[in-house]
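Undergrad: how would this look folded up:
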Amino acid sequence: MEGKALFEAIDAMPSYKRVSLAIEEQIISGKIKPGEALPTEHTLAEQLGVNRSTLREGLRALENAGFIKRAGAKKLIVSIPESSEIAQYTSRAMSLHSVTFAELWEMMIVLEPLSARYAAERAPKDILKLIEANVAETEERLHDDATIIRLDVEFHSLVSQATQNRVLVLSEEPLGLLLYNSTRRLYRASPKARYRLLEAHRKIYEAIASGDADTAETWMRKHIEDFKRGHVIAGFDFHGPVRLPGADG
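TA: As a prediction, this is how the structure comes out:
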């Protein structure tokens, strides 16, 4: 038995991670609420039983994750991570897990038509104006690849915001980030794809603006199915991993 390991290594989580997890747990549990100030570094270090340098490293991790923000040189305020920060983290995680276009599309074909339906039923006027402006700019900038791709991602984000359902918003944003690169490659391979995109976006907007949930859902489903069809026709690997922007140059 002498040469055989009987025990696994003891958890060697760095001290700063223990600090950040301890504070994060208090935030998530609601014991410290968004907008409230954290105790001073001196008090936190004493309560957590760590030195100031370890504490500061843990606080930096929380700040990077969006759980706290600075209000002046020494004051730290509890905050809620922005949806864009969550989306960046989630999209990177999915990319590292080599999520495929097929897997992504399976979620899109469920979430996007549902978002269009709810948007038609619930869209506030301010979001409707933003969607209208997005479609108008798409038509004006149809041959500017960088702009049209940004507007495409923005359109779907605005539709999800129009649902007034935060779960849909938080689910859609990382998908949009992952799809950016695929959309860019599609326009390079199939220039006509942008015209189909414009038609679909216009029809979806008109249906949402008129409160026609069935038509909004139908057109969004056609749009997402067309997106898949374009990739297949262009010869892209439908079952290959989706890369983040910049991964393929």
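Undergrad: Please report how far R202 lies from T54.
TA: Counting by Cβ to Cβ, to the nearest Å, the separation of R202 from T54 is 56 Å. All C-beta spots, glycine's among them, are computed from the backbone N, C-alpha and C.
Undergrad: if I read this right, K222 contacts H201, doesn't it?
TA: No - under the criterion of Cβ atoms under 8 Å, K222 lies out of contact with H201, with a separation of 11.6 Å.
Undergrad: Looking at these two, which has the bigger crowd around it?
TA: Neighbour count, other Cβ atoms under 10 Å: between K222 and H201, H201 has more, with 23 against 16.
Undergrad: Remind me which helix or strand the more buried one belongs to.
TA: Element membership of H201 [criterion: DSSP states H and E] is helix 193-209.
Undergrad: Return the alpha-carbon coordinates of the following helix or strand past that helix using CSV.
TA: Counting by DSSP H and E, the next helix or strand C-terminal to helix 193-209 is helix 213-233. Taking C-alpha atoms only, helix 213-233 is exported to CSV below (Å, rounded to 0.1, in the frame of the first residue of the first chain):
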residue,chain,number,x,y,z
ALA,A,213,-47.8,37.9,-32.3
ASP,A,214,-48.5,35.0,-34.7
THR,A,215,-46.9,36.8,-37.6
ALA,A,216,-43.9,38.0,-35.5
GLU,A,217,-43.3,34.5,-34.4
THR,A,218,-43.7,33.0,-37.9
TRP,A,219,-41.3,35.5,-39.5
MET,A,220,-38.7,35.1,-36.8
ARG,A,221,-38.8,31.3,-37.2
LYS,A,222,-38.4,31.7,-41.0
HIS,A,223,-35.4,34.1,-40.3
ILE,A,224,-33.7,31.6,-38.0
GLU,A,225,-34.3,28.7,-40.4
ASP,A,226,-32.9,30.8,-43.3
PHE,A,227,-29.8,31.6,-41.2
LYS,A,228,-29.1,27.8,-40.9
ARG,A,229,-29.9,27.2,-44.6
GLY,A,230,-27.4,29.9,-45.6
HIS,A,231,-24.6,28.3,-43.6
VAL,A,232,-25.3,24.9,-45.0
ILE,A,233,-25.4,26.3,-48.6
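Undergrad: Any idea how far helix 213-233 is from the middle of the chain?
TA: Centre-to-centre, helix 213-233 and its host chain are 21 Å apart (Cα atoms, centre = their mean, to the nearest Å).
Undergrad: and G66, helix, strand or coil?
TA: On the three-state scheme (DSSP: H, G, I helix; E, B strand; the rest coil), G66 is labelled coil.
Undergrad: shouldn't it be in contact with V78?
TA: No - contact between G66 and V78 fails when scored by Cβ under 8 Å: they sit 10.5 Å apart.
Undergrad: any idea how far E137 is from E25?
TA: The value you get for E25 to E137, if Cβ to Cβ is used, is 44 Å.
Undergrad: Please enumerate the helices of the chain.
TA: Taking DSSP state H as the criterion, the chain carries its helices at 15-28, 41-48, 52-64, 83-96, 101-122, 125-140, 145-162, 166-189, 193-209, 213-233.
Undergrad: quick one, domains of this protein?
TA: 15-78, 84-233 (automatic domain parsing).
Undergrad: Packed most tightly, which of those would that be?
TA: Mean neighbour count, computed with mean count of other Cβ atoms under 10 Å, is highest for domain 84-233 among the domains of the chain, reaching a mean of 18.
Undergrad: Could you report the pLDDT at the nearest residue to I127 once chain neighbours are set aside?
TA: Distances taken as Cβ to Cβ, 6 or more residues apart in numbering place A162 nearest to I127, at 4.5 Å, with adjacent residues excluded. If you check A162, the pLDDT there is 97.
Undergrad: does A162 really touch K125, like I thought?
TA: No - the criterion here is Cβ under 8 Å, and A162 misses it with K125 at 10.3 Å.
Undergrad: so T54 makes contact with S20?
TA: No - proximity of T54 to S20 does not meet the contact threshold set by Cβ under 8 Å, at 10.3 Å.
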